[in-house]
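Undergrad: Turn this into a structure:
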Amino acid sequence: MGVKWLDEPEDHDYDAAADYLSMLAEPAVVAATVTALKAAKPVQRKAKDILRAARLALLPENNAHVRADLAKISDGKRLSPILLVRGRYDGNVPMQVADGYHRVCASYLTDENTPIPCRLVSWQA
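TA: Residues are numbered from 1 along each chain as shown. As a prediction, this is how the structure comes out:
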């Protein structure tokens, strides 16, 4: 069964992204970056490429959040798009999965080549 996606991220996804990004950047940078995520056009990226660019390990099926998303996929429910902030190729800084790491992993476990709708922006100063 293929993964189904919502057209737009949910409001709480942006809040979760801001919470995570606040550990990496100052409040003004976080606010500007989240505003950019909200305005970003959707793009699609493969699960395997998201994990590689972010340098993140695949979470296992028995992870509670991954298991919950796999159940949603099995039930035909739609998942929320992923929120991404570009890394810096010239500074060896990986991309950040601002929100949706467990959804990326569930998608990967379903099919690593699954196209995932994302909002992808650079850090905003």
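Undergrad: Look up how far residue 26 lies from the closest residue to residue 106 other than its chain neighbours.
TA: Setting aside the residues directly before and after it, residue 106 is nearest to residue 69 in space (Cβ to Cβ, 6 or more residues apart in numbering), at 3.6 Å. Bear in mind the C-beta positions are built from the backbone N, C-alpha and C, glycine included. Distance of residue 69 to residue 26, computed by Cβ to Cβ, to the nearest Å: 31 Å.
Undergrad: Also residue 57?
TA: Taken as Cβ to Cβ, the span from residue 57 to residue 26 is 28 Å.
Undergrad: go on, residue 54?
TA: Counting by Cβ to Cβ, the gap from residue 54 to residue 26 is 21 Å.
Undergrad: Which one's more surrounded, these two?
TA: The residue with more neighbours, out of residue 54 and residue 26 and counting by other Cβ atoms under 10 Å, is residue 54; that gives 17 against 10.
Undergrad: Got phi/psi on that one?
TA: phi -90, psi -10 (degrees, to the nearest 10).
Undergrad: Next, the contact list for the nearest residue to it once chain neighbours are set aside, please.
TA: Counting by Cβ to Cβ, 6+ apart, residue 54 lies nearest to residue 95, which is 4.7 Å off, once chain neighbours are set aside. The contact partners of residue 95, taken as Cβ atoms under 8 Å, 6 or more residues apart in numbering, are 50, 53, 54, 84, 85, 86, 87.
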